[in-house]
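Asker: From the sequence below, what's the structure:
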Amino acid sequence: MKTLRMTDRWIRTISVESGREEYCDSVVRGLRLRVSSASKKWSAVTRRGGKQMRTNIGDYPEISLGDARKHADHILNSKTEAAARGETLTDDDLFPSLQTLCEDYVEQMKAKGQRSHDAYHRALIRSDHSFCNYMERVLKRPARVVDVKQEHAVDWLRETYQRSAAHSRHCRAYLHAVFAWAIKANLDFTTNASRKNYGITVNPVAGTPTGPKATPRQRVLSREELKKIWEKLPDACDPRTTAAIRMVMCMGGLRITEISASKKDWYKDGWLCLPTTKNKREHHVPLTKHAQLQYQIALAVTNSESDYLFPNTYDIRKPIDPTSLGKVARRLMSDFGIEPFQLKDLRRTFKTHLLDGEYVEEREIDIWHNHGQHSDVARKHYTWAEYKSVKQRVAEKVDAFLNEVGI
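Answerer: Alright, predicted model coming up:
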């Protein structure tokens, strides 16, 4: 075995016709390069109890000379420290797998009570198009954290972007957060807690663009489009989802989640009593006549054991997933030729039509939508009787508008 100061140029040009040869780097003495006619493989060699212990690092050129020296140095130092403590390190201790990193991150999210942990787990581990599965397809083996390069992150995000431009922004954020957390294991000087060393110092997602910027939505659906959406909903989704979206329309464009996440006991004496809304205040609105009919339909198709009027199909302890509602809009666009829109556009659509048709005044629809009320100090303690009459008037006008649309 030859010992020499390896260079990138030498590694690119070295070759053997048959068998294999092994070389030792003079810079990091435990670093070895095995060269055969088919491959060039990096490894780190240590000795323990008179025996030679070899730890595989990876193949060249996937692992460059500079990276191989860093990995070898990490292995040698870690094994020396472990031997001093009388411990034996596994391969996962030296180079944690990508799935181990993602699972560790998800677990700490759960410990903090962050509800988005399932979205991270699905995008990075669980789904067929997850990053872990992508890396395994590319490398033909389970990936380690140190195997991930910037080009891998970019290629995976490109594939994700082709499936869904909006979702690619989320996936980029998930991946960046995971690797930033892994790097912090080595760099966090604010804590004495010992965390796992994932063996990386650079975030492979850093420098990648955050994806298409969201533009302010300006879409206002026409009356004809509203009627078409209403009529095609039963063909695009199940009865429960149909009832949820129709309820949003019947309630004059209240926020999607205010309807989809509503509980049965929030509906009292013909009113929807929301205990808290986006502005952290309760909001009570009367059901329109159209909404009263949809409420009865929703009760007929809901799960009687769930607290929610529109429960999740797979877990009745939760409301219907907003993602499921978003898919309905895409299905309406692809299968029934409706121009691109989002369900959130319904709020703007109803406000625009009700104002343009002089059904209501702007102040009245703002009260109905619970929008902008917190900024007026004088209105923080409003007269309930006054607001009640305003909301009842808006409910009547929403019914009148829906009748003219043909709903």
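Asker: Tell me who's in contact with the closest residue to Y359 other than its chain neighbours.
Answerer: Excluding its sequence neighbours, the residue lying closest to Y359 (CB to CB, 6 or more residues apart in numbering) is K397, at 4.0 Å. Yep, even glycine has a C-beta here, placed from its N, CA and C like the rest. K397 makes contact with 354, 359-360, according to CB atoms under 8 Å, 6 or more residues apart in numbering.
Asker: could you redo those as TSV and give each row pLDDT, neighbour count and distance to D118?
Answerer: TSV is the format used below for those (pLDDT from 0 to 100; neighbours: other CB atoms under 10 Å; distance: CB to CB, whole Å):
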residue	pLDDT	neighbour count	distance to D118
L354	94	23	38
Y359	93	20	42
V360	91	22	40
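Asker: So, low pLDDT: which residues of the chain?
Answerer: For the chain, applying pLDDT under 70 flags the ranges 91-92, 186, 191-195, 211-217, 372-386.
Asker: before we move on, the earlier item: what's the closest of the contacts of K397 to W42?
Answerer: L354 (68.1 Å; CB to CB).
Asker: what's the helix or strand for the closest one?
Answerer: helix 345-356 (DSSP states H and E).
Asker: helix/strand/coil for K397?
Answerer: helix (DSSP: H, G, I helix; E, B strand; the rest coil).
Asker: any idea how far it lies from C250?
Answerer: 13 Å (CB to CB, to the nearest Å).
Asker: ok, now P209?
Answerer: For P209, the distance to C250 (CB to CB) stands at 41 Å.
Asker: ok, these two, which is more surrounded?
Answerer: It is C250, of P209 and C250, that has more neighbours when counted by other CB atoms under 10 Å, with 26 against 10.
Asker: still on that earlier bit, how far is the helix or strand following the helix holding L354 from where the chain is centred?
Answerer: Per DSSP H and E, helix 345-356 leads on to helix 362-368 as the next helix or strand towards the C-terminus. Offset of helix 362-368 from its chain centre (CA atoms, centre = their mean, to the nearest Å): 34 Å.
Asker: Ok, stretch 326-337 next?
Answerer: 21 Å.
Asker: Grab the CA positions of it and hand them over as PDB.
Answerer: Extracted in PDB, the C-alpha atoms of stretch 326-337 (Å, rounded to 0.1, in the frame of the first residue of the first chain):
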ATOM      1  CA  GLY A 326     -58.000  22.500  -1.800                       C
ATOM      2  CA  LYS A 327     -57.900  19.300  -3.900                       C
ATOM      3  CA  VAL A 328     -61.600  19.900  -4.800                       C
ATOM      4  CA  ALA A 329     -60.800  23.200  -6.400                       C
ATOM      5  CA  ARG A 330     -58.000  21.600  -8.500                       C
ATOM      6  CA  ARG A 331     -60.400  18.800  -9.500                       C
ATOM      7  CA  LEU A 332     -63.100  21.400 -10.600                       C
ATOM      8  CA  MET A 333     -60.500  23.100 -12.700                       C
ATOM      9  CA  SER A 334     -59.100  20.000 -14.400                       C
ATOM     10  CA  ASP A 335     -62.300  18.000 -14.900                       C
ATOM     11  CA  PHE A 336     -64.900  20.700 -15.500                       C
ATOM     12  CA  GLY A 337     -63.000  23.500 -17.200                       C
END
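Asker: That stretch: which residues count as buried?
Answerer: If you call a residue buried by 16 or more other CB atoms under 10 Å, then stretch 326-337 has these buried ones: 328-329, 331-332.
Asker: Let's have those residues in a markdown table, adding secondary structure and distance to K112.
Answerer: Below are the buried residues of stretch 326-337 laid out as a markdown table (DSSP: H, G, I helix; E, B strand; the rest coil; distance: CB to CB, whole Å):
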| residue | secondary structure | distance to K112 |
| --- | --- | --- |
| V328 | helix | 32 |
| A329 | helix | 32 |
| R331 | helix | 35 |
| L332 | helix | 37 |
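Asker: Let me know the closest of those residues to S39.
Answerer: Using CB to CB, R331 comes nearest to S39 of those, at 47.9 Å.
Asker: So that closest one sits against C237, correct?
Answerer: Yes. With contact defined as CB atoms under 8 Å, R331 reaches C237; the gap is 7.2 Å.
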